[in-house]
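Chemist: sequence and predicted model, in that order:
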Amino acid sequence: MGVAVLGSTGSIGVHTLDVLGRHRDRYRVVALAANSNVERLRQQCLMYRPRFAVVVDAAAADVLAQTLRAAGSGTQVLQGAQALIQIAAHEDVGIVMAAIVGAAGLASSLAAARAGKRILLANKEALVMSGPLFMQAVREGGATLVPVDSEHNAIFQCMAGGLPGSGRAPQGVRRVLLTASGGPFLRTPVRALRTVTPEQACAHPRWVMGRKISVDSATLMNKGLELIEACLLFDLPPAQIEIVVHPQSIVHSLVEYVDGSVLAQMGNPDMRTPIAHALGWPSRLASGVESLDILRAAPLDFEAPDLERFPSLRLARAVAEAGGTTPAALNAANEIAVGAFLERRLAFMDIPVVVETVLERHDEAAAHSLDDVLAADAWARREAQAAVIAAAGVSA
Ligand code: NAD
Ligand code: MG
């Protein structure tokens, strides 16, 4: 089966290639795609020999094409965001790993859905912003959507096969318990959060991830986005999903049924497990993940999240209830705020402040089409930029 890895140079992309490399008899890497990391993409092309390599940045694409030609590689280099869409829908591609970060992954993830591919979805922002429209594209395109986000992959496993978007939701689910590690600042005094740096925010205690999702994990906005993601994937109202802090990250989420049974999926915190599961489902594939030493992992702790410390959770729950274009506004405002924090233009504690400011100004509206979603996204980005400048002025 031919695979396209969109976002191959990122954390999920690298883990995906590691799993694919263990199963060269079953999967063929047809395309790799990234924004601009030419050196890593060059190495990946020489190792996996894809037919196509897509580079969004034009200058980077030229450099890659030259170096690959010099190395005698037969990989064809395509350039630009439009090429991501072509690759996601290409006839030689059966499986699309959607692992671009943020709204930049929306068009290609949707293209894969419309073309009826098997989509391994890591790019949660695409789903959050376009919501029911994304799920509709999956249904109408006849795509197979398998969640890669570890919590959603866990929930999917505990729901025994009711594929997201298939309309075959499992019977008798009482609620879902979505676990959160709590991130690097679970116990940091709130006062000290005022001065945390991007380096501190990106030093996650359990997972090594890209910078954007690392900051989201520190604010817990990641869990807020995941709440919305879970509602969409499993067709559940937000009230049926509870967030539980579980610092060890061994239980990846739980599903409770009406008879009182609670099923959990467990394992070492290593993304190769949900990636291999999503790739092989319904078969099981070796992933290279170490066996869980449950005695060393114990004890396993669970606690309620602190909504004062993590206002993102409160915001995201309200947004999940609101629906329409509100999730797109939330996502866009958060992307801008996180970007500004990573560039040291915004204080950590002001990330949720910027998001809340934008949400307060947002007029709730239905999302009838992708244009509605993109308009809300563009509007929220502008408002968030202004809110970042205002917040920086206040703290200066
Ligand atoms: P990352 O920053 O490590 O990698 C991002 C990838 O996207 C890179 O390959 C980059 O080249 C590509 N990219 C960035 N901007 C692009 C653009 N404009 N056009 C095309 N490509 C672009 O991020 P990551 O940690 O691998 O996360 C990727 C996605 O997976 C995110 O949506 C994240 O929320 C989700 N996710 C990640 C993890 C994890 O453990 N890292 C877990 C669950 C979900
Ligand atoms: Mg997750």
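Modeler: Received, thanks. Ligands and ions are numbered 1, 2, ... in the order given.
Chemist: show me where pLDDT drops low in the protein?
Modeler: Low-confidence segments of the chain (pLDDT under 70): 161, 395-396.
Chemist: list the contacts of the residue of it found nearest ligand 1.
Modeler: Nearest residue of the chain to ligand 1: Gly10, at 1.9 Å (C-beta to the nearest ligand atom). In short, each C-beta sits where N, CA and C put it, glycine included. The contact partners of Gly10, taken as C-beta atoms under 8 Å, 6 or more residues apart in numbering, are Ala34, Ala99, Ile100, Val101, Gly210.
Chemist: any idea how many residues pack against Gly167?
Modeler: 10 (other C-beta atoms under 10 Å).
Chemist: same for the helix ranked longest in the chain, what does it pack against?
Modeler: The residue-count maximum for a helix in the chain (DSSP state H) belongs to helix 370-395. Packing partners of helix 370-395 (3 or more C-beta pairs under 8 Å, 6 or more residues apart in numbering; DSSP states H and E): helix 124-141, helix 326-342, helix 350-361.
Chemist: how about JSON lines for those, with distance to ligand 1 and mean neighbour count added?
Modeler: JSON lines is the format used below for the helices and strands packed on helix 370-395 (distance: least, C-beta to the nearest ligand atom, whole Å; neighbours: other C-beta atoms under 10 Å):
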{"stretch": "helix 124-141", "distance to ligand 1": "5", "mean neighbour count": "22"}
{"stretch": "helix 326-342", "distance to ligand 1": "10", "mean neighbour count": "26"}
{"stretch": "helix 350-361", "distance to ligand 1": "16", "mean neighbour count": "21"}
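Chemist: what's the closest of those helices to Glu303?
Modeler: Nearest to Glu303, of all these, is helix 350-361, at 20.5 Å by C-beta to C-beta.
Chemist: residues contacting Val176?
Modeler: Taking C-beta under 8 Å, 6+ apart as the test, what Val176 contacts is Ile155, Ala230, Phe234, Leu236, Gln240, Ile241, Glu242, Ser253, Leu254, Val255, Glu256.
Chemist: what's the helix or strand for the fourth one?
Modeler: Here Leu236 sits in a region with no helix or strand, counting by DSSP states H and E.
Chemist: pretty sure it contacts Ala230?
Modeler: Yes. The pair Leu236 / Ala230 is scored as a contact, 6.6 Å apart, by C-beta atoms under 8 Å.
Chemist: and those two? which has more neighbours close in?
Modeler: Ala230 (27 against 17).
Chemist: stretch 22-36 near ligand 1 anywhere?
Modeler: Yes. Counting by C-beta under 6 Å from any ligand atom, ligand 1 is contacted by stretch 22-36 at Ala34, Asn35.
Chemist: pull the distance from that stretch to the chain's centre.
Modeler: Averaging C-alpha positions (C-alpha atoms, centre = their mean, to the nearest Å) puts stretch 22-36 19 Å from its chain's average.
Chemist: rewinding a little: and the buried ones among the contacts of Val176, selectable in PyMOL?
Modeler: Selecting only the buried entries of the contacts of Val176 in PyMOL, with 16 or more other C-beta atoms under 10 Å as the criterion:
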select buried, resi 155+230+234+236+241+242+253+254+255+256
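Chemist: can you list the contacts of Val176 in TSV and add secondary structure and distance to ligand 2?
Modeler: As requested, these are exported to TSV (DSSP: H, G, I helix; E, B strand; the rest coil; distance: C-beta to the ion, whole Å):
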residue	secondary structure	distance to ligand 2
Ile155	helix	11
Ala230	helix	10
Phe234	helix	14
Leu236	coil	17
Gln240	helix	19
Ile241	strand	14
Glu242	strand	16
Ser253	strand	9
Leu254	strand	14
Val255	strand	16
Glu256	strand	19
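Chemist: and the contacts of Val176 near ligand 1, which?
Modeler: Of the contacts of Val176, not one also sits near ligand 1 (C-beta under 6 Å from any ligand atom).
Chemist: tell me which parts of the stretch 101-250 of the chain are close to ligand 2?
Modeler: With the criterion set to C-beta under 5 Å from the ion, the stretch 101-250 of the chain comes near ligand 2 through Asp149, Ser150, Glu151.
Chemist: how about 8 Å then?
Modeler: Lys124, Asp149, Ser150, Glu151, His152, Ile213, Asn222, Lys223, Glu226 (C-beta under 8 Å from the ion).
Chemist: secondary structure class for His368?
Modeler: What DSSP: H, G, I helix; E, B strand; the rest coil gives for His368 is coil.
Chemist: now do the contacts for it.
Modeler: His368 makes contact with no residue, according to C-beta under 8 Å, 6+ apart.
Chemist: what about the residue of the chain found nearest ligand 2, neighbour count?
Modeler: Residue of the chain nearest ligand 2, by C-beta to the ion: Asp149 (4.2 Å). Neighbour count for Asp149, taken as other C-beta under 10 Å: 27.
Chemist: was I right about it contacting Ala122?
Modeler: Yes. Assessed by C-beta under 8 Å, Asp149 is found in contact with Ala122 at 6.5 Å.
Chemist: you'd agree Ser253 is up against Leu177?
Modeler: Yes. The pair Ser253 / Leu177 is scored as a contact, 6.3 Å apart, by C-beta under 8 Å.
Chemist: got the phi and psi for the residue of the chain closest to ligand 2?
Modeler: phi -50, psi 130 (degrees, to the nearest 10).
Chemist: now it: how far from Ala33?
Modeler: 20 Å (C-beta to C-beta, to the nearest Å).
Chemist: ok, back up a step: can you list the buried residues in the longest helix of the chain?
Modeler: Buried, per 16+ other C-beta under 10 Å, within helix 370-395: 370, 372-374, 376-377, 379-381, 383-385, 387-388, 391.
Chemist: relative to helix 124-141, how tilted is that helix?
Modeler: 170 degrees (axes from the mean of the first three to the mean of the last three C-alpha atoms, to 10 degrees).
Chemist: report the distance from helix 370-395 to the chain centre.
Modeler: Worked out by C-alpha atoms, centre = their mean, helix 370-395 lies 21 Å from the chain centre.
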